[in-house]
Structures are given as structure tokens and as C-alpha cells.
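**Student:** Using only what follows, build the 3D model:
(chains A, B, C and D, ligands or ions: 6)
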Amino acid sequence: MKKLINSPESVVSDALAGLAAAHPALTVDVERRFVRRAAGTAGKVALVSGGGSGHEPLHAGFVGPGMLDAACAGEVFTSPVPDQMLAAAQAVDAGAGILFLVKNYTGDVLNFQMAAELLEDEGIESRSVLINDDVAVEDSLYTAGRRGTGATLFAEKIAGALAERGADLPAVAAVAERVNASSRSFGIALGPCTTPAAGRPGFELGENEIELGIGIHGEPGRRRAPMAPASELAEAAVDAICTDLDFATDGDVIALVNGMGASPLIELYVVYNEVHNALKSRGISIVRNLVGNYVTSLDMPGFSVTLCRADADLLELWDAPVQTPALRWGA
Amino acid sequence: MKKLINSPESVVSDALAGLAAAHPALTVDVERRFVRRAAGTAGKVALVSGGGSGHEPLHAGFVGPGMLDAACAGEVFTSPVPDQMLAAAQAVDAGAGILFLVKNYTGDVLNFQMAAELLEDEGIESRSVLINDDVAVEDSLYTAGRRGTGATLFAEKIAGALAERGADLPAVAAVAERVNASSRSFGIALGPCTTPAAGRPGFELGENEIELGIGIHGEPGRRRAPMAPASELAEAAVDAICTDLDFATDGDVIALVNGMGASPLIELYVVYNEVHNALKSRGISIVRNLVGNYVTSLDMPGFSVTLCRADADLLELWDAPVQTPALRWGA
Amino acid sequence: MSDSEAHVAGDEAGLDVGFFMAWIDRAAEAVAAEKDRLTRLDSAIGDSDHGTNLHRGFTAARAALQAKPPQYPGAALVQVGMTLISSVGGASGPLYGTVFRRTGKALGEAEKVSARDLAGALADGLAGVRKLGGASVGDKTMVDVFTPAIDVFTARLADDASTADALEAAADAADAAALATIPLRARKGRASYLGERSEGHEDPGAASAALLWRALADTAPGGAR
Amino acid sequence: MSDSEAHVAGDEAGLDVGFFMAWIDRAAEAVAAEKDRLTRLDSAIGDSDHGTNLHRGFTAARAALQAKPPQYPGAALVQVGMTLISSVGGASGPLYGTVFRRTGKALGEAEKVSARDLAGALADGLAGVRKLGGASVGDKTMVDVFTPAIDVFTARLADDASTADALEAAADAADAAALATIPLRARKGRASYLGERSEGHEDPGAASAALLWRALADTAPGGAR
Ligand SMILES: Nc1ncnc2c1ncn2[C@@H]1O[C@H](COP(=O)(O)OP(=O)(O)O)[C@@H](O)[C@H]1O
Ligand SMILES: Nc1ncnc2c1ncn2[C@@H]1O[C@H](COP(=O)(O)OP(=O)(O)O)[C@@H](O)[C@H]1O
Ligand SMILES: [Mg+2]
Ligand SMILES: [Mg+2]
Ligand SMILES: [Mg+2]
Ligand SMILES: [Mg+2]
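**Tutor:** Ligands and ions are numbered 1, 2, ... in the order given. All right, here's what the predicted structure looks like:
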């Protein structure tokens, strides 16, 4: 394992220190491991998210006007602890309550739940919205439920825009829930990733094998398959997504073609082209898109596709200005 | 070799098709392999760059208001041909001449030179500025001269901003030359990259070895060294750069901590922190920065550092609005 | 695990705070020694962090106990639980944190507790985990280990076994239960994402739970210590 | 390369456009066959694209000749040069393109050219490359091959060797010159970035130049063809 780190133990603090040095518009509490906007907005619902590290730019890269108010960084692939979430929420509370955006993993769910209880003890109101968009996992009694992946970015962006307009906590929570209900994802890995602490790849793949239906924690997927051209991989992802939710009836979607971390951008554009075509042949139009590394799994090669049904309201919120390290548009 | 492509032969066209589908503000000529702004500005100096593919987002990701007018995409790691450059220049010529921004590699230099001759035959004035910022290569009779790497982004951004303000061709060329003269880079690879056509890594490294002084074409560096913590790698890069050019006297720099393609963002922030500290201890302050994959070498793990002396004029141009797929700020 | 046959005189005197601190000490050492194995188990069906997570947590718990020595057994376990919750993260942080916190709460403020008190309190801790995480026996989690271990511990005490013997039997049951997770298909936690591909691997949380039980047995008066 | 001893009658009749088209055909085949080796050589001291580059270029050149058959030798080589420039890119595109274009230009509009005409025209082509790329013999580039090959070709013709024999000797010299680049330190092109690490590897452009000379020799009346 070769990584640009000082030690597995210090990687999260060191990266937070780098984030602090690079982005003066963020305030980084390296000790308590959360990142927040340097300036808050009185009376605004505050959006707080967080999760294990290793998914950068998620979440800290999405802190800023138009998106998150704060993000908590756990150890690599390990949910943050309630203390962090409490500290972050208290720091950004502006009197209108806290919306916790929580990716659906047992660890994240339990820790955010404890944080919400602690926050209640402090007299601060909060709501939590669970993101669970990954169609590779069945949402049934026999699983921990669907994982939260790419839709997290959509929910953070769109709920962030609504909060910026002064909407109240139930409304901001409702739009985040609507985004989640309207979004589906599917991921494919060409290889494993290696956490700094483990120092060895999470699984092994043959020269001609891939993993279909992976999450964002380096875990193996639902099944192994032979390597195939980008057109077939894109079709597999689009098929899994569109089988799960009918995107064709309305027809317009926001699409994220997301790199897992080690796949170069030229390849992601090749995939985007194929996703675009696969959707077109189903009567689905991509009306907004992102192509790049947004919700990553350390140094994993591969990609995921996330689609969100786009109506006029969601598009208006999507187009609203955002000024964060990793997402930035509008005035 | 596992890559998200359809075939090594089609990777560049497929990626251009994806770029076209993803960015309606760009016009992509997939046939003639260039990308330009959908809308031009009459009377503006047009900036045209280009080079081998595999360095994405460079160059096509920097086409748009405030930066390039057009970019030509060669095969992977192969300079484009003069026909592309000519077609691109003709397409964006707005009557004030063309500035070619050329990374200093034999292939790029020769092909752009031929393009300039062809353009002259068409009665269109052009100037070429060579970017050669890589201190790993001696600029001597015994080499092809220093390579152009990270400073290309700086020159494209800053000259692009000046062109947007209506400056004439000599002025725009002059500021690009000033940026180049004020910039230095150094790169370190933790591993090789694999071109789609070759299908195998460009070199092999032991589990504990790295390459110091690499370029952006997967070539080996100047020397091999044992793996070291991020702090030492950052110090090595900063030392090489600051030994070559005195950045301390003026003290303010724009810094790019650039991922080579397969190093995750969390690691790049760790490196940024160390670069920040290494410069601070030399009395140098980073006043603007970029951290991410900007000038890449396919799926190579590693990073490069580029510094540019920042005076008030350059900073004003740096801060000017830019709206491209990969760089975007301001109104 | 073999030279602990003698019915130790001090047994009826009860377990004091020193006993619980010694347990956590021993648990921290066991987790440190087995960190890589736990992480390797988590690589197969999870995200390769379980060993690191617990190592961070038990190191912090041990340090907290030393920094602020608790006065009675219940306080020690509550403090351990709180420290785990504050330092581990992931699924195992709140879950293990809850085991210790709830067990500690159930022990109340007594200066010494009997083995039966402990068995009852651990049952409370387990109930807390089951409520928080929603897992049942057979879901391939730490619950698969805590459940039979507490059952055996309780049953042996009811049969008038010594604390050391009862804990020894419980730890053996825990070991067996951890191995028994191998063929199971996970239904909770991260491993459940793998569906049938989770079969054939030992659950990392079950393995760590077995370590904690072994550490407890080894700490018992007349145990390995 | 051995059964070409007979002094072919047609030799003095000169080389027509068919000869040059046959050369490019044979060159394209040689490049296709050796593509992977050329790319592998470029991996060691360059950017792993030389084989792909030339394969693309010669495939295009051959197709262009077939699509629009030229009328005379000079036109054929100019067309090849222009096609290489338009389709190869990189360093080798303009450089090889210039060799062919300048050689073709020097051959003028004659329907048939003598071997001596060709040798003189190739010298012009080489001069063009040297001017464009600035390389001298010993810089570890294609110039290291073209220079002795043209010298030997010219010298053998001056000694009244047949075209086939002279080209055979030139191709042998080219092969030797390509291998002679191995110990050199590169001073031009991408390989120069490696400094002393470029020593010990054959230059890919030198290797491809040798292939072109061998194809030329094999195309000669009485050559391998
Ligand atoms: N719902 C649950 N109930 C009980 N135990 C669980 C549950 N979910 C997970 N676990 C336990 O937690 C262990 C994983 O812990 P760890 O790897 O530290 O956390 P994470 O899964 O967040 O990475 C599993 O092996 C399992 O024993
Ligand atoms: N300045 C030069 N003069 C002559 N030949 C050169 C020069 N620079 C490079 N070459 C030749 O070009 C070859 C490399 O070609 P190629 O790999 O196709 O292009 P690139 O280096 O742009 O990737 C080298 O092996 C060398 O023989
Ligand atoms: Mg985890
Ligand atoms: Mg090249
Ligand atoms: Mg885990
Ligand atoms: Mg090359």
C-alpha cells in the first residue's frame, strides 16, 4: 500500500487541516472533526451531514452557501460519533432547527440517532432524513436496507437551496425526502480499494472480473461478472436503476455519473456518453448532469450512476446558486 | 488492464461525445476533434490550446467564458495534428488573432508550429506561448527542454481573463509568458499509468518505491526513491521548486496541488496541508489555491505541485469570473 | 482456561471496581492483539475497519478509566460505554457502547456486585443492543454471541458454579457462537448487503464479542489472571 | 534478404509510382506487425504510443494512396507525408511527415526516378527533419538511423551496386544504427527527460526508421518481394 499520508492514524486530521488551509470560507474544527461555513445565516434551517471519511468531496466539500451548513468527518469508512454531530449542530444552529441528512448505514443511523437525542436534551429541534438510493440492495427484512450513495449529493444540494430561501424545517426535510424517493443509484467496481488502516485491498478481482452492485465502502458487490465494454456496463447500471423506478413516464432526470476515485475523467465521460444513450433509448432525457468524482470510495476504480426525477421545482432548486469547494455555480 | 472504455481506438471520440452530451455550453466537433465555446465574442483574442488526451480535465474542461475558446484533443498522450488546430482556430477566430498555448513537448511544439504556418496562409494572425514549468527537467542543450505541466492551467486562466477584457494579442501573449516565467512544477508518482492502447503499465515500481520528477505522460521520472510520508514528499516537491526559482522574496503564490488521476482527494488534502506548511516555513504564503485532479496522467497515483508568483495584477485576473466544466467561479 | 478449577474463596465477596477495570484492561489488550484479524474479517463482508474501530475505542476506554478512576462497578461500565460511543463510531460504537452503558446502569451504585448481578445486568445490556440495532439471534451479529454467552453464564451460576467456571463456560459458548456465524447469511449491518455472499465468513462483531467474553473469564478470580 | 543477388534488368528503367506504393504497403504491414514492439520500446523511455501512432499513420497513408492513386513517385511521397502529418500527431507525425513530404518534393514530377534520384531526395528529407527537430546524429532519434542509411545507400550506388543491393546494405546499416542507439543518452524528444535513465534502451523512432528502410529494401526490384 502506497498512499499520500503521514500515517493511517492521522489521515483524517491531516486532511481536515489541509481543508482548513485551502478554504478560508470554511471553519474547520480539526479537534472535534467537523467543518462548517465560516458565516451562518440567522433564522435559517441548518443542514448537517457527515459520515465516514474516504468519500471526498462528500461531505465537507459540499459545505457552503446553498448547500450544507456543517459536515462531520468520521474515521475512514466509519460513521462519526454523536459528540461530533452534536458539536456541529450546536455550532450552526441558527434558531430554525437542524436537518440531519443521514446515509442509510447502521453506523450512521445509530450515531445520528444518538446525536438527535442529545440535541433534544439541549433544546434544539432536529429532523433526520435517511438517504437510501442504492438499488443493488434489496430493502427488506433481510438486509439493513438500501445504502445511501449518490442521492446524498442531490438531497444536500436541493434541500440546501430550499433552506437558503428561508423554508422551515418540515419543508426542508420534506424536499430532502422527496429527492431521496425520486432517486436511484447503482455502482460498478473494476477493482477494490485499500483503507489506510487495513493496508490491503478489501477484495481481490481477476484481471477480467468486475463487481456489480457495490457500495461506497470498498465492500464486494452483489455479484461478480466478467469485464465488459463501457456501453454494457452503463446499460447494466441504467437497467438496474430503471427496473426499480419508472423514470420514463416523466422523462426528465438529473444524472450523476460518479467516479469511485481512481477512474480517470476521460473514462467517466465515455461512461456518461453511454448512460446518455441508454437513457435516450428509454425515452429519458438528462436535463442536468454531473460527471466526476463526487461520492467516492478512496482509490477504487469504477463508477456509479444516480438518477433523480426532475420536475420544475426540483430543477429550480438544483439551479440555485451554490458555493462550496466541490460544487459551485450561479451568482 | 480494465478500463471504462469501449475500445482503445474509440476512447477519445467516445469521451468527446460524452463531453458534448454533458455540456451544452460547449460545441464539440467529434469528427475533427476539437471543443469550443458555443458562443464566441467578436473582437476578442481567441485562446486555443490542446494536447494529447489523458490529462483531463485539461484542456477541454477549461473551455468557456474567462478561459479557453477552443481545445484540440489528440490521441492519448499524443499531440493533436495541425489540421485540428487549424480547424479550431478558424472556428473561434473573432478577428483579433489567435493565441496558441502550447505545452513544451516536441510533438506539441512541432504540430502547433505547422498549424501556425497553415493559419498564416489563411491570413489569420497567431502567436504561440510555450509552457515549460517542470523543474524536474533541465532546460539545456541536452534535453528537449522543460515540460509543460501545471502552469498550463494558470496560463489558460490568467490569459483567458485578460483576453475576456479585450486586451490585444501581444498583451494576452505577454501575460501568458509572464505566468509561465513565474511558475514552477514538480511531480511524484506512486505508481505507473496504463494507456488504453498499450494495455500495460508504462513502468513497474516495487511495493515501497516511487518515481520523483515525473511528467504527465506516464514516463518514468528522473529517479526512483523509497516511499516516504506525505510530509517528506511535499517537502521534496517544494524544495525542488523553490531551489529553481526564488518564491520567498515576494512571498505570495498561487498553488496547485494536483492529483495525477488515481490518488483520492483525501490524500491530496493531506498533501496540500504539508505543502502549505513547507512553504510557510520558507516565508511563502499561498494566497490562492486549487486542490484536485486538474492536469492528470490517466490512472496514475501521485501528485504534482505548481506554484506561481502572485502579484496584484495576476491575482485580479485569477479572481476574474470563469465558467468552464472544470473551473468555475465569479459571477 | 484449565487451571481455574478451585472454587475461589473470594468468590462470594463479589466483584469490585478493580475487577471491572482489569476486565477492560484485558479486553483492550485482546483487541490490540487481534486488531488485524478483526479487520480482516471485516474486509471479507464489511468495510475493513472493525479492528481499528474497537482498538481506538478500547484504548480510549482504558485511558478514560485511568484518567478518572470510577468509584463503583456500575460507574466503570457506564464510563466505558460512554467512551466507546464517543470514540468508536460506525455500527459497533453505539452498539458496544450501549451494552456497557446499559449493563453499568443495571449494576447501579453498589461497591461490589455478585456474578448473578452481573449476569442480570448483561442481559439488560443485550436487550439494549437488540432494541437499538433490531438484530435477532441468527442475523450474524454480535447478538449471536452475547445471547448464548449470557444464557450459559446465567445457567451455570444457577447450578452453583463458581464465577470463574461460569464465565469460562460462557466464554467457550461465545467462541462457539462466533464460529457458528460462519455459515449464516447476514441480515443486519453492512454484511447484509452481500446477501448470500456473506455466507462462509465469520462475523467480525461476533468475533470481537467472543474476545470480550474470554477477557472477562480470564479476569475472574481464579481465571487465567 | 539473401536471394536478391541478381542484378535486375529493370533496374536502370527506374522506379515508378507502383514501386513507391508497394513500399508504403510493405511499410504499413511491417509497422502493423511490429506495433507492439515499438510501443513497448516507447514505454521504457517515452509514453507508450509510438507503435499506435505509426500504425494509425501508415494505415491512413495506405488508404489515402488507394483512395486517390497518385500519378508519379513524388506525388505519392508528398501524399504520404501529408497524410502522416494529418493523422499521426506527436513528435513522429511531423517528423516522418516531413521526411516523406520533402523527399517527394525533391523527386519532382518525374514518372520514373532513378535510385540515385531517390538517394538525393531522401537526403533532402533528412535535412528537413534535422531542421524541424534540431537533432544531430547521436541524439538517439530517428536521425541516427536515416543518416547512415542514406550514406550507405548513396555510397553503394556510387560504387555501381544495384538498387536492390544498395538498399539491402542501407537497411542493414539502418538495423545496426537502430541497435546502436541503445547505449546512448537521449538529447531530443521525450526520452531526453530521463537523462541517464534513457541509456540502455533502443530508441523507438530509430527502430521504426529501420523498419521503413527494410521495407524499402524488400520492395526493390530483386528484393525480398
Ligand atoms: N443491527 C445490528 N445489531 C447488532 N450488531 C450489529 C448490527 N449491525 C452491525 N452489527 C455488528 O457490528 C459489526 C460491524 O462493526 P464495525 O465494522 O465496527 O462497524 P461498521 O459496519 O459501521 O463498519 C458487525 O460485524 C456486527 O456484528
Ligand atoms: N527532435 C527530434 N528529432 C528527430 N526525431 C525525434 C525528435 N524528437 C523525437 N524524435 C523521434 O520520435 C520518436 C517518438 O515518437 P512518438 O512516440 O510517436 O512521439 P511522442 O514522443 O510525441 O510520443 C522518438 O523515439 C525519436 O526517434
Ligand atoms: Mg465502518
Ligand atoms: Mg506521445
Ligand atoms: Mg466495519
Ligand atoms: Mg511516444
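**Student:** Not counting sequence-adjacent ones, nearest residue to residue A:30?
**Tutor:** Excluding the flanking residues, the one nearest residue A:30 by CB to CB, 6 or more residues apart in numbering or on different chains is residue A:16, at 4.8 Å. No exception for glycine: its C-beta is placed from N, CA and C like everyone else's.
**Student:** got the contact list for whichever strand or helix holds that neighbour?
**Tutor:** Per DSSP states H and E, residue A:16 falls inside helix A:11-22. Residues outside helix A:11-22 that contact it (CB atoms under 8 Å, 6 or more residues apart in numbering or on different chains): A:3, A:5-6, A:26-28, A:30, A:33, A:35, A:53, A:56, A:60, A:73-76, A:196, A:325, B:230, B:266-274, B:276, B:286, B:289, B:291.
**Student:** How about stretch C:50-69?
**Tutor:** A:8, A:75, A:78, A:197-198, C:17, C:21, C:24-25, C:27-28, C:31-32, C:34-42, C:76, C:79-80, C:83-84, C:86-90, C:92-93, C:96, C:204-205, C:208.
**Student:** Filter those residues down to the buried ones and hand me the PyMOL line.
**Tutor:** Of those, the buried ones go into a single PyMOL selection, burial set by 16 or more other CB atoms under 10 Å in any protein chain shown:
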select buried, (chain A and resi 8+75+78+197+198) or (chain C and resi 17+21+24+25+27+28+31+34+35+36+37+38+39+40+41+42+76+79+80+83+84+86+87+88+89+90+92+93+96+204+205+208)
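**Student:** Keep the contacts of stretch C:50-69, but drop any that are not near ligand 4.
**Tutor:** When CB under 5 Å from the ion is taken as the criterion, no member of the contacts of stretch C:50-69 contacts ligand 4.
**Student:** Can you show me the strands along chain C?
**Tutor:** Counting by DSSP state E, chain C has strands at residues C:15-16, C:112-113.
**Student:** hey, which helix is longest across chain C?
**Tutor:** If you go by DSSP state H, chain C has its longest helix at helix C:17-45.
**Student:** by contact count, what packs against the helix or strand hosting residue A:175?
**Tutor:** Residue A:175 is part of helix A:169-181 when elements are defined by DSSP H and E. Packed against helix A:169-181, as judged by 3 or more CB pairs under 8 Å, 6 or more residues apart in numbering or on different chains; DSSP states H and E, are the following elements: strand A:98-103, strand A:126-131, helix A:151-164, helix A:312-319.
**Student:** residues contacting residue C:31?
**Tutor:** Residue C:31 touches C:38, C:51, C:54-55, C:58, C:208, C:211, counting by CB under 8 Å, 6+ apart.
**Student:** can we see that at 7 Å?
**Tutor:** Under the criterion of CB atoms under 7 Å, 6 or more residues apart in numbering or on different chains, the neighbours of residue C:31 are C:54-55, C:58, C:208, C:211.
**Student:** ok, now residue C:107?
**Tutor:** So residue C:107 contacts C:73-74, C:77, C:113, C:117, C:121 (CB under 7 Å, 6+ apart).
**Student:** now the strands for the stretch 1-150 of chain A?
**Tutor:** Assigned by DSSP state E, counting those that start in this stretch, the strands in the stretch 1-150 of chain A fall at A:26-29, A:34-37, A:46-53, A:70-76, A:98-103, A:126-131.
**Student:** how about those strands, which one is nearest residue D:160?
**Tutor:** Nearest to residue D:160, of all these, is strand A:70-76, at 77.6 Å by CB to CB.
**Student:** Partner strands of the closest one and their direction?
**Tutor:** The pairing partners recorded for strand A:70-76 under DSSP bridges are strand A:34-37 (antiparallel), strand A:46-53 (parallel).
**Student:** Contacts for that strand, please.
**Tutor:** Contacts for strand A:70-76 (CB under 7 Å, 6+ apart): A:11-12, A:16, A:33-36, A:48-54, A:59-60, A:63, A:80, A:84-85, A:88, A:91-92, A:195-197, C:49, C:89.
**Student:** Apply the buried test to the residues you listed and list what passes.
**Tutor:** Judged by 16+ other CB under 10 Å, buried ones among the contacts of strand A:70-76: A:11-12, A:16, A:33-36, A:48-54, A:59-60, A:63, A:80, A:84-85, A:88, A:91-92, A:195-197, C:49, C:89.
**Student:** Keep only these that also lie close to ligand 3.
**Tutor:** Here is what survives when those are matched to ligand 3 using CB under 5 Å from the ion: residue C:49.
**Student:** Name the residue of the stretch 101-250 of chain A that lies nearest to ligand 4.
**Tutor:** Residue nearest to ligand 4 within the stretch 101-250 of chain A: residue A:230 (23.3 Å; CB to the ion).
**Student:** how close does that residue get to residue B:297?
**Tutor:** 20 Å (CB to CB, to the nearest Å).
**Student:** isn't residue A:220 right up against residue A:211?
**Tutor:** Yes: in terms of CB atoms under 7 Å, residue A:220 counts as a neighbour of residue A:211; the distance is 5.6 Å.
**Student:** Residues of chain C that sit close to ligand 3?
**Tutor:** C:47, C:49, C:90.
**Student:** Okay, buried residues for stretch A:251-268 please.
**Tutor:** Per 16+ other CB under 10 Å, stretch A:251-268 contains these buried residues: A:252-268.
**Student:** meant to ask about stretch A:237-254
**Tutor:** A:237-238, A:240-242, A:244-245, A:247, A:252-254.
**Student:** So what's the residue count around residue A:283?
**Tutor:** 10 (other CB atoms under 10 Å in any protein chain shown).
**Student:** so what's it closest to, chain neighbours aside?
**Tutor:** The shortest distance from residue A:283 to any non-neighbouring residue, by CB to CB, 6+ apart, is to residue A:248 (5.0 Å).
**Student:** Read off the pLDDT value for that neighbour.
**Tutor:** Note on residue A:248: pLDDT of 86.
**Student:** Which residue ranges of the chain form helices?
**Tutor:** All of this refers to chain A. A:11-22, A:82-92, A:106-121, A:151-164, A:169-181, A:230-244, A:265-280, A:312-319.
**Student:** could you do chain C instead?
**Tutor:** Counting by DSSP H, the helices of chain C are C:17-45, C:50-67, C:73-87, C:92-107, C:115-133, C:143-158, C:163-179, C:204-219.
**Student:** ok, residue C:209 touching residue C:142?
**Tutor:** Yes: the pair residue C:209 and residue C:142 qualifies as a contact (CB under 7 Å) at a distance of 4.3 Å.
**Student:** quick one, which of those two is more surrounded?
**Tutor:** residue C:142 (31 against 28).
**Student:** before we move on, back to that, does the longest helix of chain C reach ligand 1?
**Tutor:** Yes: under the criterion of CB under 6 Å from any ligand atom, ligand 1 is reached by helix C:17-45 at residue C:42.
**Student:** Same question for stretch A:103-111.
**Tutor:** Yes: Stretch A:103-111 is in contact with ligand 1 by CB under 6 Å from any ligand atom, via A:106-107.
**Student:** What parts of chain A come near chain C?
**Tutor:** A:74-83, A:105-107, A:110-111, A:114, A:137, A:142-144, A:147, A:195, A:197-198, A:202, A:215, A:217-220, A:222 (CB under 7 Å from any CB of the partner chain).
**Student:** Mark which of these are buried, thanks.
**Tutor:** Here, 16+ other CB under 10 Å leaves A:74-83, A:105-107, A:110-111, A:114, A:137, A:143-144, A:147, A:195, A:197-198, A:202, A:215, A:217-220, A:222 buried among the residues of chain A next to chain C.
**Student:** Run through chain C and note the low-pLDDT ranges.
**Tutor:** Applying pLDDT under 70 to chain C picks out residues C:1-12, C:223-225.
**Student:** now whatever residue of chain A ends up closest to chain D: how far from residue B:248?
**Tutor:** Distance from chain D to each residue of chain A (CB to the nearest CB) is smallest for residue A:266, at 14.7 Å. Separation of residue A:266 from residue B:248 (CB to CB): 38 Å.
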